[in-house]
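no sequence on hand, only this structure:
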(Lines give C-alpha, C1' and ligand atoms only; values in the text may rest on other atoms or scores of the structure.)
Protein backbone atom coordinates (compact mmCIF):
# COMPACT_ATOMS: atom_id res chain seq x y z
CA UNK A 1 0.00 0.00 0.00
CA UNK A 2 1.53 3.32 -1.05
CA UNK A 3 1.41 6.48 1.03
CA UNK A 4 -1.66 7.94 -0.66
CA UNK A 5 -3.54 4.69 -0.20
CA UNK A 6 -2.58 4.68 3.48
CA UNK A 7 -4.00 8.19 3.89
CA UNK A 8 -7.26 7.28 2.19
CA UNK A 9 -7.48 4.12 4.25
CA UNK A 10 -7.02 6.16 7.43
CA UNK A 11 -9.97 8.31 6.40
CA UNK A 12 -12.11 5.24 5.73
CA UNK A 13 -11.13 3.73 9.07
CA UNK A 14 -11.88 6.94 10.99
CA UNK A 15 -15.22 8.04 9.56
CA UNK A 16 -16.79 8.08 13.02
CA UNK A 17 -13.99 10.24 14.41
CA UNK A 18 -14.31 12.72 11.53
CA UNK A 19 -18.06 13.09 11.97
CA UNK A 20 -17.73 13.26 15.75
CA UNK A 21 -15.39 16.23 15.38
CA UNK A 22 -17.94 18.01 13.18
CA UNK A 23 -20.68 17.25 15.71
CA UNK A 24 -18.60 18.85 18.45
CA UNK A 25 -18.15 21.97 16.32
CA UNK A 26 -21.91 22.19 15.73
CA UNK A 27 -22.65 21.76 19.43
CA UNK A 28 -20.77 25.00 20.21
CA UNK A 29 -23.31 27.67 19.16
CA UNK A 30 -20.91 30.22 17.70
CA UNK A 31 -23.63 32.64 16.60
CA UNK A 32 -22.26 35.93 15.34
CA UNK A 33 -23.21 38.51 18.01
CA UNK A 34 -24.68 40.78 15.33
CA UNK A 35 -27.69 38.45 15.43
CA UNK A 36 -28.25 38.84 19.16
CA UNK A 37 -31.27 40.89 20.20
CA UNK A 38 -29.06 42.34 22.93
CA UNK A 39 -25.25 42.36 23.16
CA UNK A 40 -23.93 39.21 24.77
CA UNK A 41 -20.92 36.93 24.85
CA UNK A 42 -20.10 35.15 21.59
CA UNK A 43 -19.21 31.47 21.42
CA UNK A 44 -16.85 32.13 18.52
CA UNK A 45 -13.94 32.11 20.96
CA UNK A 46 -15.05 28.74 22.35
CA UNK A 47 -14.94 27.19 18.87
CA UNK A 48 -11.56 28.71 18.10
CA UNK A 49 -10.07 27.45 21.33
CA UNK A 50 -11.52 23.99 20.67
CA UNK A 51 -9.93 23.97 17.20
CA UNK A 52 -6.66 25.36 18.55
CA UNK A 53 -6.44 22.57 21.11
CA UNK A 54 -6.91 19.92 18.43
CA UNK A 55 -4.37 21.46 16.05
CA UNK A 56 -1.82 21.98 18.82
CA UNK A 57 -1.95 18.27 19.55
CA UNK A 58 -1.19 17.66 15.87
CA UNK A 59 1.96 19.78 16.16
CA UNK A 60 0.85 23.07 14.59
CA UNK A 61 2.31 26.47 15.32
CA UNK A 62 -0.75 28.36 16.59
CA UNK A 63 -1.56 32.05 16.48
CA UNK A 64 -4.81 33.23 18.05
CA UNK A 65 -5.59 36.97 18.03
CA UNK A 66 -8.47 39.41 18.19
CA UNK A 67 -8.84 41.76 15.21
CA UNK A 68 -8.69 45.49 15.98
CA UNK A 69 -10.82 47.68 13.74
CA UNK A 70 -8.58 50.72 14.20
CA UNK A 71 -5.63 48.75 12.79
CA UNK A 72 -7.51 48.29 9.50
CA UNK A 73 -8.34 51.92 8.71
CA UNK A 74 -6.20 51.79 5.57
CA UNK A 75 -8.92 49.58 4.02
CA UNK A 76 -11.67 52.15 4.43
CA UNK A 77 -14.03 51.91 1.47
CA UNK A 78 -12.88 48.39 0.65
CA UNK A 79 -14.41 44.98 1.26
CA UNK A 80 -14.75 43.86 4.85
CA UNK A 81 -13.91 47.14 6.60
CA UNK A 82 -16.37 48.36 9.22
CA UNK A 83 -15.16 51.13 11.53
CA UNK A 84 -15.55 50.50 15.22
CA UNK A 85 -16.52 46.84 14.98
CA UNK A 86 -15.85 45.07 18.30
CA UNK A 87 -13.88 41.81 18.29
CA UNK A 88 -13.43 41.38 22.01
CA UNK A 89 -13.66 37.66 22.70
CA UNK A 90 -13.84 36.94 18.95
CA UNK A 91 -10.40 35.78 17.79
CA UNK A 92 -9.07 34.68 14.44
CA UNK A 93 -6.90 31.56 14.31
CA UNK A 94 -3.99 30.47 12.13
CA UNK A 95 -2.32 27.08 12.54
CA UNK A 96 0.77 26.36 10.46
CA UNK A 97 2.10 22.90 9.66
CA UNK A 98 5.44 22.39 7.93
CA UNK A 99 6.68 25.94 8.39
CA UNK A 100 9.87 26.48 6.41
CA UNK A 101 9.39 23.52 4.08
CA UNK A 102 10.29 24.27 0.46
CA UNK A 103 7.26 22.79 -1.32
CA UNK A 104 4.24 24.77 -2.48
CA UNK A 105 2.10 26.10 0.36
CA UNK A 106 -1.66 25.78 0.86
CA UNK A 107 -4.14 27.80 2.88
CA UNK A 108 -7.22 25.93 4.12
CA UNK A 109 -9.64 28.69 4.97
CA UNK A 110 -13.07 29.00 6.56
CA UNK A 111 -15.28 30.94 8.96
CA UNK A 112 -16.64 29.59 12.23
CA UNK A 113 -19.44 32.10 12.92
CA UNK A 114 -23.01 31.08 12.12
CA UNK A 115 -26.33 32.86 11.87
CA UNK A 116 -28.86 32.45 14.64
CA UNK A 117 -30.91 29.28 14.69
CA UNK A 118 -34.25 30.92 13.97
CA UNK A 119 -37.55 29.08 14.16
CA UNK A 120 -39.34 26.00 12.78
CA UNK A 121 -36.63 23.44 13.48
CA UNK A 122 -37.84 19.88 13.97
CA UNK A 123 -34.57 18.94 15.69
CA UNK A 124 -32.28 20.71 18.15
CA UNK A 125 -30.37 23.22 15.96
CA UNK A 126 -27.24 22.65 18.03
CA UNK A 127 -27.80 18.97 18.78
CA UNK A 128 -25.86 17.67 15.74
CA UNK A 129 -28.17 14.67 15.24
CA UNK A 130 -27.60 12.17 12.44
CA UNK A 131 -30.82 10.99 10.80
CA UNK A 132 -30.82 8.79 7.68
CA UNK A 133 -27.23 9.66 6.85
CA UNK A 134 -27.74 13.41 7.26
CA UNK A 135 -26.11 15.51 9.97
CA UNK A 136 -28.48 18.26 11.14
CA UNK A 137 -27.59 21.51 12.85
CA UNK A 138 -26.94 25.19 12.42
CA UNK A 139 -23.67 25.50 10.55
CA UNK A 140 -23.48 21.99 9.13
CA UNK A 141 -23.63 23.55 5.66
CA UNK A 142 -22.43 27.09 6.36
CA UNK A 143 -19.73 26.16 7.03
CA UNK A 144 -18.56 23.92 9.84
CA UNK A 145 -18.83 20.89 7.57
CA UNK A 146 -16.08 22.39 5.44
CA UNK A 147 -14.03 23.48 8.44
CA UNK A 148 -14.17 19.98 9.89
CA UNK A 149 -13.23 18.45 6.53
CA UNK A 150 -10.13 20.60 6.06
CA UNK A 151 -8.88 19.98 9.59
CA UNK A 152 -9.47 16.25 9.40
CA UNK A 153 -7.70 16.10 6.02
CA UNK A 154 -4.56 17.46 7.68
CA UNK A 155 -4.96 15.01 10.55
CA UNK A 156 -5.39 12.11 8.12
CA UNK A 157 -2.07 12.92 6.47
CA UNK A 158 -0.15 13.33 9.71
CA UNK A 159 -1.70 10.31 11.44
CA UNK A 160 -0.97 8.15 8.41
CA UNK A 161 2.76 8.60 8.72
CA UNK A 162 3.33 11.38 6.21
CA UNK A 163 5.39 14.54 6.46
CA UNK A 164 4.53 17.69 4.53
CA UNK A 165 6.98 18.92 1.89
CA UNK A 166 5.21 22.29 1.72
CA UNK A 167 3.51 24.37 4.45
CA UNK A 168 -0.19 24.02 5.16
CA UNK A 169 -1.97 26.84 7.00
CA UNK A 170 -5.34 26.21 8.59
CA UNK A 171 -7.11 29.54 8.93
CA UNK A 172 -10.42 29.92 10.73
CA UNK A 173 -11.92 33.38 11.00
CA UNK A 174 -14.83 35.19 12.59
CA UNK A 175 -17.39 37.65 11.23
CA UNK A 176 -18.05 36.31 7.71
CA UNK A 177 -21.79 36.31 8.27
CA UNK A 178 -21.83 40.09 8.79
CA UNK A 179 -19.34 41.46 6.33
CA UNK A 180 -16.08 39.51 6.26
CA UNK A 181 -13.89 41.66 8.49
CA UNK A 182 -12.30 38.54 9.95
CA UNK A 183 -10.99 37.50 6.52
CA UNK A 184 -9.71 41.01 5.82
CA UNK A 185 -7.84 40.99 9.12
CA UNK A 186 -6.40 37.53 8.45
CA UNK A 187 -4.88 38.70 5.16
CA UNK A 188 -3.77 41.99 6.74
CA UNK A 189 -2.02 39.89 9.39
CA UNK A 190 0.30 38.69 6.66
CA UNK A 191 -0.72 35.12 5.90
CA UNK A 192 -0.01 34.05 2.31
CA UNK A 193 0.08 30.78 0.36
CA UNK A 194 0.50 29.42 -3.15
CA UNK A 195 -3.09 28.20 -3.20
CA UNK A 196 -6.23 28.38 -1.08
CA UNK A 197 -9.25 26.13 -0.60
CA UNK A 198 -12.09 28.08 0.99
CA UNK A 199 -14.31 25.31 2.30
CA UNK A 200 -17.68 26.98 1.75
CA UNK A 201 -20.46 24.57 0.74
CA UNK A 202 -20.47 23.78 -2.98
CA UNK A 203 -22.05 20.30 -3.07
CA UNK A 204 -18.51 19.08 -3.81
CA UNK A 205 -18.06 21.11 -7.00
CA UNK A 206 -15.01 23.30 -7.67
CA UNK A 207 -16.05 26.97 -7.58
CA UNK A 208 -13.25 29.31 -8.66
CA UNK A 209 -15.46 32.40 -8.55
CA UNK A 210 -18.21 34.06 -6.56
CA UNK A 211 -20.43 37.01 -7.43
CA UNK A 212 -20.53 40.35 -5.67
CA UNK A 213 -23.72 41.36 -3.91
CA UNK A 214 -25.22 44.83 -3.50
CA UNK A 215 -28.06 45.62 -1.13
CA UNK A 216 -29.77 48.94 -1.64
CA UNK A 217 -32.79 50.91 -0.52
CA UNK A 218 -34.66 53.32 -2.80
CA UNK A 219 -36.78 55.97 -1.08
CA UNK A 220 -39.58 57.33 -3.23
CA UNK A 221 -41.36 60.44 -2.01
CA UNK A 222 -45.08 61.10 -2.32
CA UNK A 223 -47.54 63.47 -0.68
CA UNK A 224 -50.22 62.07 1.56
CA UNK A 225 -53.87 62.89 1.17
CA UNK A 226 -57.28 61.39 1.86
CA UNK A 227 -57.54 58.33 -0.34
CA UNK A 228 -61.34 58.57 -0.64
CA UNK A 229 -61.54 62.23 -1.65
CA UNK A 230 -60.97 64.04 -4.93
CA UNK A 231 -57.44 65.44 -5.20
CA UNK A 232 -56.14 68.54 -6.90
CA UNK A 233 -53.26 68.34 -9.35
CA UNK A 234 -49.99 67.75 -7.53
CA UNK A 235 -48.71 71.13 -8.73
CA UNK A 236 -51.63 72.69 -6.88
CA UNK A 237 -50.93 70.81 -3.66
CA UNK A 238 -52.83 67.61 -4.37
CA UNK A 239 -51.79 64.17 -3.11
CA UNK A 240 -49.15 62.07 -4.83
CA UNK A 241 -49.26 58.32 -4.29
CA UNK A 242 -45.70 57.16 -3.50
CA UNK A 243 -46.73 53.56 -4.25
CA UNK A 244 -47.81 54.53 -7.76
CA UNK A 245 -44.52 56.35 -8.32
CA UNK A 246 -42.57 53.38 -6.97
CA UNK A 247 -44.35 51.17 -9.49
CA UNK A 248 -42.66 53.13 -12.26
CA UNK A 249 -39.31 51.96 -10.94
CA UNK A 250 -40.48 48.39 -10.36
CA UNK A 251 -41.79 48.14 -13.92
CA UNK A 252 -38.50 49.43 -15.33
CA UNK A 253 -36.59 46.85 -13.28
CA UNK A 254 -38.17 44.22 -15.54
CA UNK A 255 -36.60 45.87 -18.58
CA UNK A 256 -33.27 46.26 -16.81
CA UNK A 257 -33.26 42.59 -15.87
CA UNK A 258 -33.93 41.60 -19.46
CA UNK A 259 -30.88 43.62 -20.48
CA UNK A 260 -28.72 42.21 -17.68
CA UNK A 261 -29.80 38.67 -18.58
CA UNK A 262 -27.99 39.16 -21.89
CA UNK A 263 -25.03 41.27 -20.73
CA UNK A 264 -24.22 40.06 -17.23
CA UNK A 265 -23.59 36.38 -17.59
CA UNK A 266 -20.66 34.06 -16.93
CA UNK A 267 -20.00 30.60 -18.39
CA UNK A 268 -19.67 29.11 -14.90
CA UNK A 269 -22.80 30.73 -13.45
CA UNK A 270 -26.18 29.11 -14.03
CA UNK A 271 -28.12 32.38 -13.72
CA UNK A 272 -27.32 35.95 -14.83
CA UNK A 273 -26.96 38.94 -12.55
CA UNK A 274 -30.34 40.51 -11.76
CA UNK A 275 -31.96 43.12 -9.56
CA UNK A 276 -34.39 41.40 -7.20
CA UNK A 277 -36.81 43.34 -5.01
CA UNK A 278 -36.65 41.82 -1.55
CA UNK A 279 -38.88 44.21 0.42
CA UNK A 280 -41.46 46.89 -0.29
CA UNK A 281 -42.55 49.19 2.51
CA UNK A 282 -45.08 51.98 2.07
CA UNK A 283 -48.07 53.81 3.54
CA UNK A 284 -49.29 54.78 6.97
CA UNK A 285 -53.07 54.42 7.02
CA UNK A 286 -55.70 52.66 4.90
CA UNK A 287 -57.33 56.04 4.31
CA UNK A 288 -54.22 57.90 3.06
CA UNK A 289 -52.12 57.84 -0.05
CA UNK A 290 -48.60 56.75 0.77
CA UNK A 291 -46.32 59.60 1.78
CA UNK A 292 -43.20 57.54 1.08
CA UNK A 293 -42.31 54.15 -0.36
CA UNK A 294 -39.15 52.11 0.16
CA UNK A 295 -37.85 49.49 -2.26
CA UNK A 296 -35.17 47.22 -0.82
CA UNK A 297 -33.31 45.28 -3.49
CA UNK A 298 -30.52 42.78 -4.04
CA UNK A 299 -28.32 43.17 -7.13
CA UNK A 300 -25.42 40.96 -8.17
CA UNK A 301 -22.25 41.82 -10.06
CA UNK A 302 -19.39 39.95 -11.71
CA UNK A 303 -15.67 40.02 -10.89
CA UNK A 304 -15.10 41.71 -14.27
CA UNK A 305 -17.22 44.66 -13.06
CA UNK A 306 -15.18 45.51 -9.97
CA UNK A 307 -14.02 49.09 -9.49
CA UNK A 308 -10.60 50.40 -8.41
CA UNK A 309 -11.36 49.38 -4.83
CA UNK A 310 -12.24 45.86 -6.04
CA UNK A 311 -15.91 46.37 -5.21
CA UNK A 312 -19.18 47.21 -6.93
CA UNK A 313 -18.82 50.95 -7.47
CA UNK A 314 -19.38 50.74 -11.24
CA UNK A 315 -22.63 48.85 -10.79
CA UNK A 316 -23.76 51.25 -8.08
CA UNK A 317 -23.31 54.14 -10.50
CA UNK A 318 -25.12 52.21 -13.23
CA UNK A 319 -28.12 51.72 -10.95
CA UNK A 320 -28.04 55.32 -9.71
CA UNK A 321 -28.09 56.55 -13.33
CA UNK A 322 -30.89 54.12 -14.10
CA UNK A 323 -33.06 55.50 -11.28
CA UNK A 324 -32.21 59.09 -12.22
CA UNK A 325 -33.26 58.51 -15.83
CA UNK A 326 -36.58 57.05 -14.68
CA UNK A 327 -37.14 60.08 -12.47
CA UNK A 328 -36.44 62.50 -15.32
CA UNK A 329 -39.32 60.98 -17.27
CA UNK A 330 -41.88 61.80 -14.55
CA UNK A 331 -42.75 65.41 -13.62
CA UNK A 332 -43.15 64.68 -9.90
CA UNK A 333 -40.08 62.47 -9.56
CA UNK A 334 -37.93 64.85 -11.56
CA UNK A 335 -38.54 67.45 -8.86
CA UNK A 336 -38.54 64.96 -5.97
CA UNK A 337 -35.68 62.64 -6.88
CA UNK A 338 -35.67 59.15 -5.37
CA UNK A 339 -32.77 58.54 -3.00
CA UNK A 340 -30.61 55.41 -3.02
CA UNK A 341 -29.03 54.25 0.22
CA UNK A 342 -26.41 51.53 -0.18
CA UNK A 343 -26.62 48.97 2.60
CA UNK A 344 -24.10 46.25 1.65
CA UNK A 345 -21.37 45.76 -0.94
CA UNK A 346 -20.09 42.19 -0.57
CA UNK A 347 -17.12 41.70 -2.88
CA UNK A 348 -16.41 39.01 -5.44
CA UNK A 349 -13.39 37.32 -7.00
CA UNK A 350 -12.31 34.84 -9.66
CA UNK A 351 -9.41 32.47 -10.29
CA UNK A 352 -8.68 31.37 -13.86
CA UNK A 353 -9.90 27.81 -14.32
CA UNK A 354 -6.69 27.00 -16.21
CA UNK A 355 -4.54 27.89 -13.20
CA UNK A 356 -2.53 24.83 -12.09
CA UNK A 357 -4.03 25.03 -8.61
CA UNK A 358 -7.59 24.89 -9.92
CA UNK A 359 -6.69 21.97 -12.15
CA UNK A 360 -5.01 20.20 -9.21
CA UNK A 361 -8.27 20.49 -7.27
CA UNK A 362 -10.26 19.14 -10.23
CA UNK A 363 -7.92 16.16 -10.55
CA UNK A 364 -8.21 15.53 -6.81
CA UNK A 365 -11.96 15.11 -7.22
CA UNK A 366 -11.48 12.84 -10.21
CA UNK A 367 -9.10 10.66 -8.22
CA UNK A 368 -11.74 9.91 -5.55
CA UNK A 369 -14.32 9.01 -8.18
CA UNK A 370 -16.26 12.28 -8.45
CA UNK A 371 -16.97 14.35 -11.54
CA UNK A 372 -14.75 17.31 -10.78
CA UNK A 373 -17.35 19.77 -12.01
CA UNK A 374 -16.47 23.48 -12.16
CA UNK A 375 -19.29 25.84 -11.25
CA UNK A 376 -19.36 29.41 -9.95
CA UNK A 377 -21.18 30.58 -6.83
CA UNK A 378 -23.96 33.11 -7.13
CA UNK A 379 -23.38 34.34 -3.59
CA UNK A 380 -20.54 36.09 -1.76
CA UNK A 381 -17.77 34.23 0.02
CA UNK A 382 -14.55 35.26 1.76
CA UNK A 383 -12.44 34.44 -1.32
CA UNK A 384 -12.04 38.09 -2.30
CA UNK A 385 -9.13 39.03 -0.08
CA UNK A 386 -7.01 35.93 -0.76
CA UNK A 387 -7.42 36.56 -4.50
CA UNK A 388 -6.74 40.28 -4.07
CA UNK A 389 -3.27 39.52 -2.69
CA UNK A 390 -2.47 37.00 -5.41
CA UNK A 391 -3.52 33.68 -3.87
CA UNK A 392 -5.31 31.42 -6.39
CA UNK A 393 -8.46 30.37 -4.57
CA UNK A 394 -11.31 27.93 -5.06
CA UNK A 395 -14.44 27.38 -3.02
CA UNK A 396 -15.01 23.71 -2.27
CA UNK A 397 -16.91 21.99 0.50
CA UNK A 398 -19.66 19.60 1.54
CA UNK A 399 -23.31 20.56 1.72
CA UNK A 400 -25.88 22.13 -0.56
CA UNK A 401 -25.43 25.92 -0.33
CA UNK A 402 -29.16 26.46 -0.86
CA UNK A 403 -29.70 24.92 2.60
CA UNK A 404 -27.48 27.47 4.36
CA UNK A 405 -29.40 29.49 6.99
CA UNK A 406 -32.46 27.22 6.66
CA UNK A 407 -34.24 25.58 9.54
CA UNK A 408 -33.28 21.90 9.63
CA UNK A 409 -29.99 22.70 7.87
CA UNK A 410 -28.16 19.46 7.12
CA UNK A 411 -25.18 17.99 5.31
CA UNK A 412 -24.96 14.39 4.09
CA UNK A 413 -22.35 12.53 6.12
CA UNK A 414 -20.86 10.96 3.01
CA UNK A 415 -20.18 14.39 1.50
CA UNK A 416 -18.10 15.35 4.53
CA UNK A 417 -16.01 12.19 4.11
CA UNK A 418 -15.56 12.83 0.39
CA UNK A 419 -14.50 16.40 1.14
CA UNK A 420 -11.83 15.13 3.55
CA UNK A 421 -10.50 12.85 0.83
CA UNK A 422 -10.43 15.54 -1.83
CA UNK A 423 -8.62 18.03 0.42
CA UNK A 424 -6.13 15.39 1.55
CA UNK A 425 -5.45 14.46 -2.08
CA UNK A 426 -4.89 18.14 -2.95
CA UNK A 427 -2.41 18.49 -0.09
CA UNK A 428 -0.55 15.39 -1.34
CA UNK A 429 -0.36 16.65 -4.93
CA UNK A 430 0.09 20.38 -4.31
CA UNK A 431 2.34 20.50 -1.25
CA UNK A 432 3.88 17.06 -1.47
CA UNK A 433 4.36 14.50 1.29
CA UNK A 434 6.95 11.97 2.33
CA UNK A 435 6.86 9.04 4.73
CA UNK A 436 7.83 9.44 8.38
CA UNK A 437 6.99 7.65 11.59
CA UNK A 438 3.26 7.46 12.30
CA UNK A 439 2.01 9.85 15.01
CA UNK A 440 0.09 8.23 17.84
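Yes, it's here. Worth saying up front: this structure is predicted, and the values here are computed from it rather than measured.

tell me who's in contact with the spatially most central residue of the chain.
Centroid check for the chain by Cα atoms, centre = their mean gives residue 381 as the closest residue, at 2.8 Å. The contact partners of residue 381, by Cβ atoms under 8 Å, 6 or more residues apart in numbering, come to 176, 198, 200, 210, 395. (C-beta placed from N, C-alpha, C; glycine too.)

now these as TSV including secondary structure, pLDDT and neighbour count?
Formatted as TSV, the contacts of residue 381 follow (DSSP: H, G, I helix; E, B strand; the rest coil; pLDDT from 0 to 100; neighbours: other Cβ atoms under 10 Å):
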residue	secondary structure	pLDDT	neighbour count
176	helix	93	25
198	strand	98	31
200	coil	98	29
210	strand	97	28
395	strand	98	30
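
each with direction, which strands does the helix or strand bottoming out on mean pLDDT in the chain pair with?
Averaged element by element with mean pLDDT, DSSP states H and E, the chain has its least confident helix or strand at strand 433-435 (a mean of 89). Using DSSP bridges, the strands paired with strand 433-435 are strand 162-164 (antiparallel).

now stretch 124-136: buried residues?
125, 126, 128, 134, 135, 136 (16 or more other Cβ atoms under 10 Å).

for stretch 261-268, same thing?
For stretch 261-268, by 16+ other Cβ under 10 Å, it's 264, 266, 268.

now, among those residues, which is nearest to residue 170?
The shortest approach to residue 170 among the buried residues of stretch 261-268 belongs to residue 268, at 27.2 Å (Cβ to Cβ).

contact partners for the closest one?
207, 208, 209, 353, 374, 375, 376.

make TSV out of the contacts of residue 381 and add distance to residue 250.
Below are the contacts of residue 381 laid out as TSV (distance: Cβ to Cβ, whole Å):
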residue	distance to residue 250
176	32
198	36
200	32
210	28
395	33
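
out of the residues you listed, who's nearest residue 324?
Distances from residue 324 to those, taken by Cβ to Cβ, are shortest for residue 210, at 29.6 Å.

give me the neighbour count for residue 250.
Residue 250 is flanked by 15 other residues according to other Cβ atoms under 10 Å.

can you list the buried residues of stretch 261-268 in CSV and add secondary structure and distance to residue 326?
Conversion of these to CSV gives the following (DSSP: H, G, I helix; E, B strand; the rest coil; distance: Cβ to Cβ, whole Å):
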residue, secondary structure, distance to residue 326
264, coil, 19
266, coil, 27
268, coil, 33
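
can you put those in a markdown table and add distance to residue 119 and pLDDT?
Below are the buried residues of stretch 261-268 laid out as a markdown table (distance: Cβ to Cβ, whole Å; pLDDT from 0 to 100):
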| residue | distance to residue 119 | pLDDT |
| --- | --- | --- |
| 264 | 35 | 98 |
| 266 | 35 | 97 |
| 268 | 35 | 97 |
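
between these, which sits nearest residue 411?
residue 268 (23.1 Å).

distance check, that closest one against residue 320.
Between residue 268 and residue 320 the computed distance is 29 Å (Cβ to Cβ, to the nearest Å).

so in this structure, which helix runs the longest?
helix 242-263 (DSSP state H).

quick one: the helices in the stretch 101-250 of the chain, in order.
For the stretch 101-250 of the chain, the helices defined by DSSP state H, counting those that start in this stretch cover 145-159, 181-188, 242-263.

quick one, which of those helices is nearest to residue 67?
So among those, helix 181-188 is nearest, using Cβ to Cβ, at 3.8 Å.

mind listing what's buried in that closest one?
181, 182, 183, 184, 185, 186, 187, 188.

for the third one, which non-adjacent residue is closest in space?
Leaving out its chain neighbours, the residue that sits closest to residue 183 by Cβ to Cβ, 6 or more residues apart in numbering is residue 382, at 4.0 Å.

next, count neighbours for the one you found.
Neighbours of residue 382 (other Cβ under 10 Å): 31.

and for residue 320?
15.

what does residue 123 give?
Residue 123, neighbours per other Cβ under 10 Å, totals 15.

contact partners for it?
129, 131, 136, 137, 408.

give me the pLDDT for the residue nearest to the centre of the chain.
On the pLDDT scale, residue 381 is placed at 95.

understood, closing this out.
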